[in-house]
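[1] Fold the following, please.
(one chain, ligands or ions: 1)
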Amino acid sequence: MTLLDMLPSIGRAAPRRLDPAIWPVTTHSDDGGRLCVGDVPLVDIADEFHTPTYVIDEADFRQRARRYRKALRGVEVVYAGKSLLTTAVAQWAREEGLGVDVCSSGELAVALAGGVDPSRIVMHGNAKSPDELRDATRVGVGRIVLDSCIETAYLAGLARRRQPVLVRVTPDIDIHGHRAVTTGISDQKFGFTLEGDQAAEAVKRVLAHPILDLVGLHCHIGSQVTDAALYGEAIHRMIAAMADIRAQHGIILTELNIGGGHAIPYRPGDPEFDVDGLARVIEDAVDEACAAEHFPRPTIVVEPGRAISGRAGVTLYRVCSIKTQPGGRTFVAVDGGMSDNPRVSLYGAQYMVALANRHAVGLKQRVTIAGRHCEAGDEIARDVELPTDLHPGDLLAVACTGAYHHSMASNYNMVCRPPLVAVKDGRARELIRRETIADLLARDCGVGQS
Ligand code: LLP
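    A predicted model of the protein is given here:
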């Protein structure tokens with residue numbers, strides 16, 4: 001008999017502190033201390049679908065999508081599918097009035113299968129193949145964002161009807177983020193620089209092909225941007241560029257896509273991007289820049305991904321073993337790792353972890369959550385406080401794993417990728433099933449004849 005069996009009120013007396021800025025909106029802990037999302041105990045999901053499993057809170061995703069629409073009236077919101085995309089997720093985005101941005105034929109096919117109107121799809125990519133361009137123009141995607149001159153030539157040759165396009169430019173704005181996600185500066189692979197005559201030359205080439213309908217410009221300054229004012233600066237520079245294009249070519253571009261990259265907090269105290277603040281910044285910057293250039297107001301488009309899908313997701317792992325190295329750390333090894341969450345080793349990302357199957361009472365210890373892969377750097381989180389009585393079989397939930405987890409998962413060590421389970425109103429529904437060893441072997445062409 002445990003202390004909790006004798007004193008069941010302990011759990012209620014000491015409610016869990018789960019920061020609502022980080023965990024899905026429907027997260028709560030039930031009387032048994034079990035963590036629930038979408039009114040489903042996470043331990044039930046682990047029992048049914050096993051671990052590791054990605055769980056996604058439909059209400060959280062939809063609520064954040066709605067929040068964008070409400071705050072950014074008059075601005076078109078396009079959900080960045082690269083953060084998380086399945087047919088059901090595409091359907092949620094569509095039902096909430098969002099377009100979808102895709103960057104491969106795979107993402108395009110999923111968005112279409114999710115019922116997204118092709119005219120609400122924006123196609124991205126710095127190295128789109130002719131086949132991808134053909135797929136995109138054939139189904140009639142609303143916008144193709146051009147990122148190189150050769151792609152402009154390919155698309156002009158492939159298109160069978162007039163294709164609306166944007167030209168991606170780099171406004172040279174440094175978000176001072178991680179090198180891997182700083183995309184608005186000149187010295188990186190995306191877009192054409194405003195500086196020099198790169199962007200002007202790209203525009204000239206697009207205009208030389210009447211089958212391409214140049215409607216506007218695009219920029220994406222990076223990820224985990226916390227300061228909305230940086231988008232104001234981007235708008236100023238982009239509208240000045242649009243005014244230059246008018247002066248040079250006599251055309252008025254009507255659309256300005258300022259990309260995504262809105263930060264979410266992963267741990268308590270991390271700054272949160274202010275969507276209402278962004279609405280004000282956009283309003284003011286567009287007013288000022290258009291007045292300064294005597295330029296008609298373009299339609300503004302934003303492309304948030306993580307800010308809509310990130311907090312909706314949690315990942316469930318079972319504790320496999322616990323080991324304290326002499327003079328070193330205590331390692332809690334779980335049944336997933338860098339194959340389902342590469343963000344820790346790629347960007348040094350930090351996460352919150354909670355015990356999900358029971359009350360976390362008693363003394364706490366500071367541990368490292370280690371993955372199952374054959375690399376010392378395979379960690380999920382460091383310096384996490386978990387109960388000293390943690391044992392193999394316990395269930396852990398990691399917060400903020402909705403964005404860039406399922407979409408970045410790999411088969412490292414031939415580990416099968418986890419399922420994605422949506423929860424809503426007490427029901428759990430598999431959106432993506434777990435990969436099987438049969439799936440892995442199905443792609444292996446065999447030993448052949450020597
Ligand atoms: N639009 C464009 C053109 C983009 O390249 C991206 C992200 C987005 C929108 C959406 O950005 P978001 O709002 O989700 O930050 N794997 C990295 C993130 C790479 C983002 C690449 N582009 C990570 O896990 O942090």
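[2] The ligand contacts on the stretch 151-300 of the chain?
    V181, H220, S223, G259, G260, G261, H262 (Cβ under 6 Å from any ligand atom). Bear in mind the C-beta positions are built from the backbone N, C-alpha and C, glycine included.
[3] Could you report the separation of the fourth one from V344?
    To tie it back to what came earlier, the one meant is G259. From G259 across to V344, the span is 25 Å (Cβ to Cβ, to the nearest Å).
[4] burial of P418, as a residue count?
    Neighbour count for P418, taken as other Cβ atoms under 10 Å: 28.
[5] how close does the closest residue in space to it that isn't next to it in sequence sit to the ligand?
    In space, and not counting its chain neighbours, P418 is closest to P52: 4.6 Å by Cβ to Cβ, 6 or more residues apart in numbering. According to Cβ to the nearest ligand atom, to the nearest Å, P52 and the ligand sit 17 Å apart.
[6] burial of P52, as a residue count?
    P52 sits with 30 neighbouring residues when counted by other Cβ under 10 Å.
[7] cool, and A109?
    With other Cβ under 10 Å as criterion, A109 counts 14.
[8] Check the one 10 residues further on too.
    Around S119 there are 12 other residues, counting by other Cβ under 10 Å.
[9] When G259 and V344 are compared, which one has more neighbours?
    Neighbours were counted for G259 and for V344 using other Cβ under 10 Å; G259 has more, 28 against 20.
[10] OK, contacts around that one?
    H218, C219, H220, I221, V302, E303 (Cβ atoms under 8 Å, 6 or more residues apart in numbering).
[11] where does it land in three-state SS?
    coil (DSSP: H, G, I helix; E, B strand; the rest coil).
[12] For it, which non-adjacent residue is spatially closest?
    Nearest to G259 is H220, by Cβ to Cβ, 6+ apart, at 2.9 Å.
[13] Quick check, pLDDT for the closest residue in space to C219 that isn't next to it in sequence.
    Spatially, and ignoring its direct neighbours in sequence, C219 is nearest to P171 (5.1 Å; Cβ to Cβ, 6+ apart). You'll see P171 listed with a pLDDT of 90.
[14] quick one, what contacts P171?
    Taking Cβ under 8 Å, 6+ apart as the test, what P171 contacts is G184, L194, C219, I221, E233, A234, R237, M238, A241.
[15] For it, grab phi and psi.
    Backbone torsions of P171, given as degrees, to the nearest 10, read phi -80, psi 10.
[16] how close does it get to the ligand?
    Counting by Cβ to the nearest ligand atom, the gap from P171 to the ligand is 13 Å.
[17] Please apply the same query to Y404.
    3 Å.
[18] I figured that residue hits G313, correct?
    No: using Cβ atoms under 8 Å, Y404 makes no contact with G313, being 9.8 Å away.
[19] so what's the residue of the stretch 51-200 of the chain found nearest the ligand up against?
    In the stretch 51-200 of the chain, no residue comes nearer to the ligand than A80, which is 3.5 Å away by Cβ to the nearest ligand atom. Shown in contact with A80 (Cβ under 8 Å, 6+ apart): D101, G260, E303, P304, G305, R306.
[20] try it again with 6 Å
    D101, G260, E303, G305 (Cβ atoms under 6 Å, 6 or more residues apart in numbering).
[21] out of everything not next to it in sequence, what's closest to the second one?
    If I follow you right, that is G260. E303 (3.9 Å).
[22] wait, what's in contact with the one you found?
    V78, A80, D101, G259, G260.
[23] quick one: the helices in the protein?
    3-6, 9-13, 42-49, 58-71, 87-95, 105-113, 130-139, 149-158, 198-207, 229-249, 275-293, 306-309, 343-347, 437-443 (DSSP state H).
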